[in-house]
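*Asks:* I need the structure of the sequence given here:
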Amino acid sequence: MKIVGSSFSRCLLAVTAVSFFLGAPVKAQEADGVTDYAIAQFGTPPAVVDGPLPDALEAAVQVAFVESVTRGGWGEAQNAALAEIAVSGDARLAWMVADLLRFVSSPELASALGVAAAQLLEVDPPRQNEWGVITDYLIAWDIPAPPGYLDVKRTIFTAIVPGWERIFVEGDIDWRLVSWGGVLIDDRPFDTTDEPCNCIPAADNPEVIAAAEVSWLDDGDVVFGVEVNGEYRAYPRQIMEVREMVNDTLGGRSIGMPYCTLCGAAQAYFTDRLPEGIERPVLRTSGLLIRSNKVMYDVNSYSVFDTFLGKAVTGPLAEKGVQLEQATVVTTTWGAWKAAHPETTVLVEALALGRDFDFRNGRDANGPIFPVGDVDPRLPVHEDVIGVVTASGQPVAFQRSAAIAALTRGEEIGVENVRLRMDAGGVRAVDAGGRDLGSHQAFWFAWSQFHPGTALWPQ
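*Replies:* Numbers count the residues shown, from 1 in each chain. Presented below is the predicted three-dimensional model:
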C-alpha cells in the first residue's frame, strides 16, 4: 500500500450559498437527526445497523484496516476482506474505509476503497477525490462509528505518524471527524522553535519590534491585532500562515494564538492563571484536522484542545476541566492598526521564514479543501463573520461586511450583553461597560459548524 506525503487532493465541495438572514438558528431536522439542508445536498442517508459486528466481519476489518498498515501491504487477503465489508450492508464501516483512503496514493487502491465505501453508503462511486467525497457524506449524514472504531483509527494513523500515539485517546472528542491535514506533528519542547522541523513550525516568545521600525509591511497587509492590559501587538498574516501557532507574553499575560488558515480564524487564548497545579499549556499544531479546523494540543501533557472553543477534550487537562479564556483578535490592515495604536509592537519579518503565503486568496479561494459535510446555508461558506458568545451562552455571528457598514453609519449593534464597536478598521465585541468579550473573525462555515446553535445578526 502506498501512502501520501504532504500533498492532498482538492475537495470539490458543491455548496449552495444562500445569502439571507435569520435571527434564530437553523433547526429544521429530519426524524433521524440529519438536517434538511444536508439531505437537500447529499440525499437521504442509508439505514444504519446497530450492535456489534459479526465475528466474520470483525475478522475482515482486522485484515483490511489493521494488517494492511501494520504489515505494510495490500494483497489478495485485503481484497477479499474489502469485498466482504462492501456487501455487509453496515454503513458504519465506511468510516474505516475513509480513514484508510486518506493515506492511499495508489489510484487503483483508492478507486477500490471508494467503490466499497459508496456501496456501503448506497451512493454512486466517486470519480475523483474518493476520500473527500465519501467523508462529506459520512459527516453530513452523521453516520455513527462502528464498534472498536478508535482502536482501528489509532492503528491506521500511528502507522503513518508514530508521534500521534499519545493523541489518539478517549475523550470528549468525536474521532470520526478527525482527519489528516497533510503535515506532521510539531512536538518540539517549549522555546525550541528556532530548531527546524518537518511540520508547521510554531513560534515561542517571538521577537518583536516597534511600529516605527517596520519597513517590510505594506499598509494594506492583513494583521491580527491583540490588546492585553493596554499593550498592543500585531501578528502579520504572512507570519501566521507559516507558523499557525504562537506562544507569547503580552500585557503581563501568557497567551497561545492558533491561526487556522482553512477557517480564516486567528484566536488568542490566555494560557496562565489556571487552577493550581496545572502547568502553562504550550500549544502546538498536531497535523490533524476536525471538519477543516486545525487540532491543537499541549506539548507538555499531550492534551488535545478544541481549537475553536479553547476547551481541553482529552488527556490530563481535560480530566481537570481546563477551559481557556479567550481574548479578542481584531482582523484588520497594518496601516489601520498602527494608525489607531501607534504604540503597537509587531513580529519581526524573519519569523516568516522567507515565505509569503496567501492561502485565503489562493488555495482556499473556492471553498473548503477538506471535508466539512453539511454547511449551514444562511450565508456563503467563506463569508467573514465576527463570532462571540453572549452571557447566556448563546453563540452569535455578525456578518462582518454588514456590521462594519452599520457601525460606519453610526448605528448601534447589540445582542444581549454584546455590543460591537470598530477598532482600527476591524470589529471587536465588548459589554455595556466596554469590557472585552473575546471575539474573533472566522469563515461562516467554520463558526457555524463549531457553534451549530448560533444566531445570526441581524435578526
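
*Asks:* use CA for all of it now, contacts and neighbours both
*Replies:* Fine.

*Asks:* Hmm, residue 197 is touching residue 183, no?
*Replies:* No: the criterion here is C-alpha atoms under 8 Å, and residue 197 misses it with residue 183 at 10.8 Å.

*Asks:* out of those two, which sits in the more crowded spot?
*Replies:* residue 183 (17 against 14; other C-alpha atoms under 10 Å).

*Asks:* Quick check: phi and psi at the more buried one.
*Replies:* phi -130, psi 170 (degrees, to the nearest 10).

*Asks:* can you map out the helices along the protein?
*Replies:* 36-42, 55-61, 68-70, 76-86, 94-101, 107-121, 130-141, 149-160, 237-243, 315-319, 334-340, 400-408, 444-450 (DSSP state H).

*Asks:* Show the contacting residues for the residue nearest to residue 322 when sequence neighbours are not counted.
*Replies:* Nearest non-adjacent residue to residue 322, counting by C-alpha to C-alpha, 6 or more residues apart in numbering: residue 312, 5.6 Å away. Residues near residue 312 by C-alpha atoms under 8 Å, 6 or more residues apart in numbering: 303, 304, 305, 306, 318, 321, 322, 323.

*Asks:* Let's see the pLDDT reported for the last one.
*Replies:* pLDDT, the model's per-residue confidence, is 97 for residue 323.

*Asks:* got a list of what it touches?
*Replies:* Residue 323 neighbours (C-alpha under 8 Å, 6+ apart): 310, 311, 312.

*Asks:* Minimum distance to residue 295: which of the helices of the chain has it?
*Replies:* Smallest distance to residue 295 across the helices of the chain (C-alpha to C-alpha): 12.8 Å, for helix 444-450.

*Asks:* CA atoms only: put the closest one into CSV for me.
*Replies:* Extracted in CSV, the C-alpha atoms of helix 444-450 (Å, rounded to 0.1, in the frame of the first residue of the first chain):
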residue,chain,number,x,y,z
TRP,A,444,-19.1,31.3,8.3
PHE,A,445,-18.8,27.5,7.6
ALA,A,446,-16.3,27.2,10.5
TRP,A,447,-18.1,29.3,13.0
SER,A,448,-21.5,27.7,12.3
GLN,A,449,-20.3,24.1,12.5
PHE,A,450,-18.5,24.6,15.8
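
*Asks:* And that helix, how far out from the chain middle?
*Replies:* Distance of helix 444-450 from the chain centroid (C-alpha atoms, centre = their mean, to the nearest Å) equals 10 Å.

*Asks:* try stretch 35-46
*Replies:* That offset, for stretch 35-46, works out to 23 Å (C-alpha atoms, centre = their mean).

*Asks:* do stretch 342-354 as well
*Replies:* 25 Å.

*Asks:* Please list the outside residues in contact with it.
*Replies:* With contacts defined as C-alpha under 8 Å, 6+ apart, stretch 342-354 is touched by 203, 206-211, 214, 216, 231-236, 238-240, 242-243, 338.

*Asks:* still on that earlier bit, okay if I get the helices of the chain as a markdown table plus distance to residue 170, mean neighbour count and mean pLDDT?
*Replies:* Below are the helices of the chain laid out as a markdown table (distance: least, C-alpha to C-alpha, whole Å; neighbours: other C-alpha atoms under 10 Å; pLDDT from 0 to 100):
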| stretch | distance to residue 170 | mean neighbour count | mean pLDDT |
| --- | --- | --- | --- |
| helix 36-42 | 28 | 17 | 92 |
| helix 55-61 | 21 | 16 | 98 |
| helix 68-70 | 22 | 18 | 95 |
| helix 76-86 | 26 | 18 | 98 |
| helix 94-101 | 17 | 24 | 98 |
| helix 107-121 | 25 | 21 | 98 |
| helix 130-141 | 20 | 24 | 97 |
| helix 149-160 | 8 | 18 | 96 |
| helix 237-243 | 28 | 23 | 95 |
| helix 315-319 | 8 | 18 | 97 |
| helix 334-340 | 43 | 20 | 98 |
| helix 400-408 | 37 | 15 | 97 |
| helix 444-450 | 20 | 24 | 95 |
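
*Asks:* Burial check on residue 166, number of neighbours?
*Replies:* 15.

*Asks:* Please name the residues that touch the closest residue in space to it that isn't next to it in sequence.
*Replies:* Once flanking residues are discounted, residue 166 sits nearest to residue 302: 6.4 Å by C-alpha to C-alpha, 6+ apart. By C-alpha under 8 Å, 6+ apart, the contact set of residue 302 is 166, 167, 315.

*Asks:* How about residue 336?
*Replies:* Residue 336 sits in contact with 219, 424, 425, where contact means C-alpha under 8 Å, 6+ apart.

*Asks:* Out of those, which is nearest to residue 257?
*Replies:* Residue 257 lies nearest to residue 424 out of these, by C-alpha to C-alpha, at 19.8 Å.

*Asks:* Show me how far stretch 380-399 is from its chain's centre.
*Replies:* 16 Å.

*Asks:* what sits up against stretch 150-166?
*Replies:* 65-66, 69-70, 96, 99-100, 168-170, 175, 184-185, 187, 286, 302.

*Asks:* ok, now with 7 Å
*Replies:* Here stretch 150-166 makes contact (C-alpha atoms under 7 Å, 6 or more residues apart in numbering) with 65, 66, 69, 70, 99, 100, 168, 175, 185, 302.

*Asks:* JSON lines for those, including distance to residue 37?
*Replies:* JSON lines is the format used below for those (distance: C-alpha to C-alpha, whole Å):
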{"residue": "65", "distance to residue 37": "32"}
{"residue": "66", "distance to residue 37": "35"}
{"residue": "69", "distance to residue 37": "37"}
{"residue": "70", "distance to residue 37": "40"}
{"residue": "99", "distance to residue 37": "25"}
{"residue": "100", "distance to residue 37": "28"}
{"residue": "168", "distance to residue 37": "32"}
{"residue": "175", "distance to residue 37": "24"}
{"residue": "185", "distance to residue 37": "35"}
{"residue": "302", "distance to residue 37": "37"}
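
*Asks:* Most widely separated two among these?
*Replies:* Among the contacts of stretch 150-166, 65 and 302 lie farthest apart (C-alpha to C-alpha), at 25.7 Å.
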